[in-house]
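Enquirer: turn this into a model:
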Amino acid sequence: MTTASTALRVGDELLPLEIPVTRTLIVAGAIASRDYQDVHHDAELARQKGSPDVFMNILTTNGLVGRYITDHFGPTAVLRKVAIRLGTPNYPGDTMVLTGRIEAVDGDTATVRVVGANALGRHVTGTVTVTVPGATAAEVAP
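Expert: Residues are numbered from 1 along each chain as shown. So this is what the prediction gives:
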């Protein structure tokens, strides 16, 4: 976890975070975000619509990306912007692995490139802009 005395460096990589994708996580995330689309909670209706099972909604993915960033940068981190794009679905029984890399730094604010992959490929890609109060930009080593 980054602390207030830590320098933010372009190129630094965040430790990966493995998230088991369970049916409960998918359904709970959909309900919590008030997304009542049947493909997120009813396996039979999801199959009738061409999906092999229920799948995670974008709001749950967005929340997990935010969690990944704040887990790394700490409880004082402030998410300024989250811009994500979905790719392959997250189905029950899979594991999504989130990875990140600092792409830009401006004072105590960093832009982090995030990728979340599962067995089918990339589930989510995007960038997160985060402010870490007290952190400083550091020179990239030559």
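
Enquirer: state the distance from Glu103 to Tyr68.
Expert: Applying CB to CB, to the nearest Å, the value for Glu103 to Tyr68 is 15 Å. Every residue, glycine included, has its C-beta placed from N, CA and C.

Enquirer: comparing these two, which residue is more hemmed in?
Expert: Taking neighbours as other CB atoms under 10 Å, Glu103 and Tyr68 compare with Tyr68 leading, 22 against 15.

Enquirer: next, count neighbours for the residue nearest to the more buried one when sequence neighbours are not counted.
Expert: Nearest non-adjacent residue to Tyr68, counting by CB to CB, 6 or more residues apart in numbering: Leu98, 4.6 Å away. For Leu98, the count of nearby residues is 24 (other CB under 10 Å).

Enquirer: repeat that for Val65.
Expert: Residues near Val65, counting by other CB under 10 Å, number 26.

Enquirer: just checking, what packs against whichever helix in the chain runs longest?
Expert: Ordering each helix of the chain by length in residues (DSSP state H) puts helix 58-73 first. Secondary-structure packing of helix 58-73 (3 or more CB pairs under 8 Å, 6 or more residues apart in numbering; DSSP states H and E): strand 13-20, helix 23-32, strand 78-86, strand 95-106, strand 109-118, strand 121-131.

Enquirer: could you check the angle strand 95-106 makes with that helix?
Expert: Angle, helix 58-73 to strand 95-106, by axes from the mean of the first three to the mean of the last three CA atoms, to 10 degrees: 60 degrees.

Enquirer: quick check, central residue of the chain?
Expert: Val65 (1.9 Å; CA atoms, centre = their mean).

Enquirer: wait, it sits on Thr127?
Expert: No: taking CB atoms under 8 Å as the definition, Val65 is not a contact partner of Thr127, at 9.8 Å.

Enquirer: which neighbours do the two share?
Expert: Shared contacts of Val65 and Thr127 (CB atoms under 8 Å, 6 or more residues apart in numbering): Val114.

Enquirer: low-confidence ranges, the protein, go.
Expert: Scanning the chain for pLDDT under 70 picks out 1-5, 139-142.

Enquirer: how does it look with 90?
Expert: 1-7, 135-142 (pLDDT under 90).
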